[in-house]
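Visitor: Quick one, what's the 3D model for this:
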Amino acid sequence: MRSVAYWREFLTFPKNHVRLVEMFREVVDRTPGARLWLVGRNAEGLEVDVRKRIQELGLEENVALLGERADVARLL
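Guide: I've put the predicted structure just below:
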């Protein structure tokens, strides 16, 4: 069984995605196989900050930025 969190409308302002990634670090510490999929378009240039924080926290294997997709239900 895999643990997946899905966040819709990923990079739209004013959601705090950097904080979400920071909180997800705690989830991964407790559940190493957990995955977070961030789906949506890159608005306001937020993706750069989110990618940087993912790398800083070592979450490259746990957090995926999937961009805009119409097939999210299939992924779940």
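Visitor: In this protein, what helix or strand scores lowest on average pLDDT?
Guide: strand 4-7 (a mean of 57; mean pLDDT, DSSP states H and E).
Visitor: tell me which strands and helices the next helix or strand along the chain from that strand is in contact with?
Guide: Using DSSP states H and E, the helix or strand that follows strand 4-7 in sequence is helix 17-30. Where contact means 3 or more CB pairs under 8 Å, 6 or more residues apart in numbering; DSSP states H and E, helix 17-30 is packed against strand 4-7, strand 35-39, helix 46-56. Heads up, the C-betas are built off the backbone N, CA and C, glycines and all.
Visitor: Tell me which of these lies nearest to H17.
Guide: Each of these has some distance to H17 by CB to CB; the shortest is helix 46-56, at 4.8 Å.
Visitor: So for the following helix or strand past the closest one, what gets flagged as buried?
Guide: Per DSSP H and E, helix 46-56 leads on to strand 63-67 as the next helix or strand towards the C-terminus. Buried residues in strand 63-67, counted by 16 or more other CB atoms under 10 Å: 63-65.
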